[in-house]
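[1] I'll drop the sequence and a predicted model, then ask my questions.
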Amino acid sequence: MSSLSERPANPVVGHPIPHEAADLHVTGRALYTDDLVGRTKDCLHAWPVQAPHAHAAVTRIDTSPALDVEGVVRVLSADDVPGVNDAGVKHDEPLFPTEAMFYGHAIVWVLGETLEAARLGAAAIEIDYEPLPSLMTAREAIAAEAFQGAQPHMERGDIDRGLQDAAHVFHGEFEFKGQEHFYLETHCALAMVDENGQIFVQSSTQHPSETQEIVAHVLGLHSHEVTVQCLRMGGGFGGKEMQPHGLAAIAALGSVLTGRPVRLRLNRTLDMSMTGKRHGFHTQWRVGFDADGSLVALDATLTADGGWSLDLSEPVLARAVCHIDNAYWIPNVRVNGRIARTNKTSQTAFRGFGGPQGMLVIEDILGRCAPLLGKDPADLRRQNLYGPDQTTPYGQPVRQWDRLERAWEQVVTDGDITRRQQEVARFNATHADSKRGLALTPVKFGISFNLTAFNQGGALVLVYKDGSVLINHGGTEMGQGLHTKMLQVAATALGVPLTTVRLAPTRTDKVPNTSATAASSGTDLNGGAIKNACEQIKERLTQVASQHFGVSPADIRFEDGVVSAIGSRAEPMLWADLTQRAYFQRVQLSAAGYYRTEGLHWDSSIMQGEPFKYFANGVAAAEVEVDGFTGAYRTRRVDIVHDVGESLSPLVDIGQIEGGFVQGAGWMTLEELVWDESDRPTRGKLATQAASTYKLPSFSEMPEVFNVALLEQAHEEGAVYGSKAVGEPPLMLAFSVREALRQAAAAFGAPGGSVELGLPATPEAVFWAIEDARSGRTDGGMERGSRAQQHVPDQPGPDAHPMHPRSEELASEPAKA
Ligand code: MTE
Ligand code: MOS
């Protein structure tokens with residue numbers, strides 16, 4: 001066992017305790033950034049002027065009418081920016097643009113004494129536009145060759161040989177939509193300036209250090225003049241990783257120019273129409289199987305719909321490319337990635353960060369191909385899982401392949417799958433107008449930032465004379481329970497009860513140069529840093545105790561707030577007495593901790609290396625029932641076994657698995673982003689910008705039976721106290737729901753048929769799949785075995801319709817079966 005992963009006797013980690021702020025959340029006492037406004041005197045409010053065009057040059061701005069509106073204090077525009085007029089780090093996101101790049105793009109901002117004054121002021125501003133041609137879909141961008149950023153290429157083996165030798169070859173395409181984060185707390189920033197001109201911004205940000213950096217560059221200041229604090233977020237889900245920065249910069253600029261605090265909070269419509277979402281993708285692929293149904297080759301082109309600027313599209317795409325294998329061994333692989341530039345919000349991080357999009361491609365392929373290979377989809381998946389001595393297409397060994405297998409077997413046993421498969425078959429044979437489906441899907445998700453530099457964390461631990469402990473770390477809390485785990489880690493490392501430790505909100509003046517709380521790595525990085533800081537302090541205290549007890553430091557024990565010496569007859573002493581004693585001996589009682597993930601290497605130019613510390617594994621089984629008249633469905637039962645290593649906080653982890661799964665099921669089955677793709681003046685407008693039109697999962701969509709188990713004997717050597725990251729991987733367990741829907745829809749047709757299913761698999765999409773099954777269009781929307789065509793075609797077929805894509809008739813060339 002490594003010293004990082006080893007647990008002491010009676011650790012506080014591992015206890016199933018509630019979220020550290022659960023009582024505050026449920027009683028409404030928890031403070032979010034916007035709750036501070038009522039406690040802040042003389043606050044101004046900000047409101048944007050949004051462009052009513054998908055793409056247009058700004059030809060004239062007259063802000064003067066706004067100043068005639070009562071309560072308007074100031075208008076902010078490009079001329080006011082003392083530093084860099086950019087909201088990002090790639091300098092492709094002007095904060096005050098001269099060209100509207102999407103419908104709803106904020107051109108200027110108005111500050112008012114009240115929100116209403118700011119809003120009326122914004123309405124009074126006159127802006128003239130010259131409309132420009134716009135691209136609304138990845139397809140349109142592909143046709144126009146409108147790409148941005150790097151185009152990664154990953155290759156292993158010999159793809160041409162692989163496809164040539166394959167017994168079965170299929171090719172097809174798949175276009176799927178993104179997802180709105182719909183965090184309950186919308187974006188918010190509150191900025192103020194102190195007497196020295198130092199800026200203090202409270203922001204709903206997952207990445208305070210980057211918010212600080214961008215506020216500083218917009219204002220032309222250094223980082224030490226700007227402090228960013230995040231109390232907590234009401235959900236981030238990746239949507240607050242890059243998107244808060246420009247908003248914080250607007251608030252800070254307003255505060256500098258007026259000398260007053262400025263609050264900028266987006267309401268739901270502003271948030272949905274202005275901020276980035278999960279990337280939709282367009283994908284094209286060719287896949288080869290051997291005569292037994294084992295995968296032998298996959299050739300794919302992934303085109304991420306990036307929206308108007310790069311934002312995080314490059315790393316999102318890289319993660320998609322690195323997850324196209326999901327949990328399956330594919331000897332010959334070639335994947336090309338590119339980012340379409342479209343006139344939409346700039347798409348960004350969202351739980352899974354491209355991983356779900358990559359994995360969806362192979363899960364969709366297996367779901368479509370299984371019936372045509374004469375295989376049960378669960379058998380096909382099981383057969384292709386990684387085994388011993390195999391590596392991913394980017395060269396990382398899959399060391400814990402056995403965990404995938406164990407999780408699979410446990411789901412099969414605990415979920416009573418064999419009996420229920422027979423039950424589903426019986427049900428389907430006896431019900432003409434409703435059908436059931438039961439699907440199993442695995443997850444293997446790489447943990448660490450692909451960009452190696454981000455894999456570091458910092459902490460500041462303060463022990464006061466009275467023995468009480470205050471911890472700070474670089475991670476932010478968004479409901480995921482990071483702070484709960486950090487309290488448990490500190491209490492474990494110091495050997496004190498949980499109540500001895502408190503936690504202070506995340507601030508850039510406590511811990512500098514932090515990474516985003518993202519990539520599910522918050523606990524690994526900050527937990528490592530907190531443990532390191534605590535151990536520095538404990539080492540000093542051990543010296544004090546060893547003198548006191550007259551024993552060797554190796555014989556000092558800290559447990560539950562009591563310090564004792566093995567082999568000494570002296571009375572054990574209280575932790576607080578030891579800290580008091582240490583203070584009088586002038587022993588330092590605080591420490592800065594640091595952690596960096598060891599053993600990572602990654603060459604993005606060739607997409608090879610070991611970018612991940614380890615993989616999180618899981619398996620889910622979902623059973624659904626579909627109504628043949630409407631396509632409506634419900635999820636009858638879900639069984640999950642998921643690998644969180646040795647859990648630091650089981651209640652938190654189970655909550656993350658349940659929440660991630662439901663959020664994933666929302667993306668895959670309900671939530672549909674609809675942009676106006678017509679040529680009307682509203683082209684580019686997001687039609688689904690409220691909860692009334694954007695359907696989120698709620699209690700009624702919860703599985704009727706929902707069993708979640710943590711994989712046992714899952715100690716992780718490479719992470720703090722043997723645990724594993726949990727935040728994102730469970731989202732992808734929801735592939736099982738979509739695959740179950742596919743199977744249920746196919747059951748309306750003749751046995752052995754394959755159906756294509758849209759994403760999201762809304763009742764409408766399921767209905768179309770049922771119609772396909774009934775009318776015998778059961779080729780899975782794919783073409784078979786055109787071996788002559790060695791490359792993925794660059795252009796999508798003209799026949800394909802994005803909502804209900806169809807390819808042509810079954811290709812004339814027969815499969816080489
Ligand atoms: N859970 C809740 N309740 N709210 C959130 O916003 N974000 C998810 C996940 N779980 C999120 C959540 C995302 S996208 C990530 S990357 C991780 O939490 C980040 O936190 P961690 O690194 O501490 O797991
Ligand atoms: Mo999570 S998408 O990495 O914030």
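    Done, it's in. Ligands and ions are numbered 1, 2, ... in the order given.
[2] Up against ligand 2, what does this protein have?
    For the chain, the contact set with ligand 2 under C-beta under 6 Å from any ligand atom comprises Gln206, Gly238, Glu241, Ala349, Phe350, Arg351, Phe353, Ala518, Ala519, Glu728. No exception for glycine: its C-beta is placed from N, CA and C like everyone else's.
[3] now the closest residue to ligand 2 within the stretch 151-300 of the chain: how far from Ser546?
    Scanning the stretch 151-300 of the chain for proximity to ligand 2 using C-beta to the nearest ligand atom identifies Gly238 as nearest, at 2.7 Å. Distance, Gly238 to Ser546, using C-beta to C-beta, to the nearest Å: 47 Å.
[4] Kindly report the same for Ala167.
    70 Å.
[5] what does Ile107 give?
    Separation of Ile107 from Ser546 (C-beta to C-beta) stands at 67 Å.
[6] Those two: who's more crowded?
    Counted by other C-beta atoms under 10 Å, Ile107 and Ser546 do not tie: Ile107 has more neighbours, with 23 against 17.
[7] so who does that one touch?
    Pro48, Val49, Gln50, Ala51, Val58, Ile61, Phe96, Pro97, Ala100, Ile127 (C-beta atoms under 8 Å, 6 or more residues apart in numbering).
[8] repeat that for 6 Å
    Val49, Ala51, Ile127 (C-beta atoms under 6 Å, 6 or more residues apart in numbering).
[9] before we move on, what about Pro244?
    Counted by C-beta under 6 Å, 6+ apart, Pro244 has contacts His187, Ser203, Thr205, Thr211.
[10] Am I right that Glu771 is in a helix?
    Yes. According to DSSP: H, G, I helix; E, B strand; the rest coil, the state of Glu771 is that of a helix.
[11] And the closest residue to Arg634 other than its chain neighbours, what's its pLDDT?
    Spatial nearest neighbour of Arg634, chain neighbours left out: Glu625 (5.8 Å); criterion: C-beta to C-beta, 6 or more residues apart in numbering. Glu625 is assigned 98 on the pLDDT scale.
[12] what do you get for Ala800?
    pLDDT, Ala800: 38.
[13] swap in the one 3 residues further on?
    The predicted local confidence for Met803 comes out at a pLDDT of 37.
[14] Check Met1 too.
    Reading off the model, Met1 has pLDDT 60.
[15] ok, now how distant is the residue nearest in space to the middle of the chain from Asp364?
    Nearest residue to the geometric centre of the chain (C-alpha atoms, centre = their mean): Arg351, 1.6 Å. Applying C-beta to C-beta, the value for Arg351 to Asp364 is 19 Å.
[16] cool, and Ala621?
    Relative to Asp364, Ala621 is positioned 18 Å away (C-beta to C-beta).
[17] Comparing these two, which residue is more hemmed in?
    Neighbours per residue (other C-beta under 10 Å) separate Ala621 from Asp364, with Ala621 holding more: 27 against 24.
[18] Confirm for me that the more buried one is in contact with Asp414.
    No. Between Ala621 and Asp414 there is no contact under C-beta atoms under 6 Å: 9.2 Å.
[19] so where do the strands sit in the stretch 601-750 of the chain?
    Applying DSSP state E, counting those that start in this stretch to the stretch 601-750 of the chain gives strands spanning 601-603, 608-610, 614-627, 633-642, 705-710.
[20] Looking at those, which one is packed in the most?
    Among those, strand 614-627 has the highest mean neighbour count (mean count of other C-beta atoms under 10 Å), at a mean of 27.
[21] mind listing what that strand pairs with, with the direction of each?
    Sheet partners assigned to strand 614-627 using DSSP bridges are listed as strand 434-447 (antiparallel), strand 633-642 (antiparallel).
[22] and the next helix or strand after the longest one, what other elements does it pack with?
    In other words, strand 434-447. Scanning forward in sequence from strand 434-447 by DSSP states H and E, the next helix or strand is strand 456-463. Counting by 3 or more C-beta pairs under 6 Å, 6 or more residues apart in numbering; DSSP states H and E, the packing neighbours recorded for strand 456-463 are strand 469-473, helix 522-549, strand 590-596.
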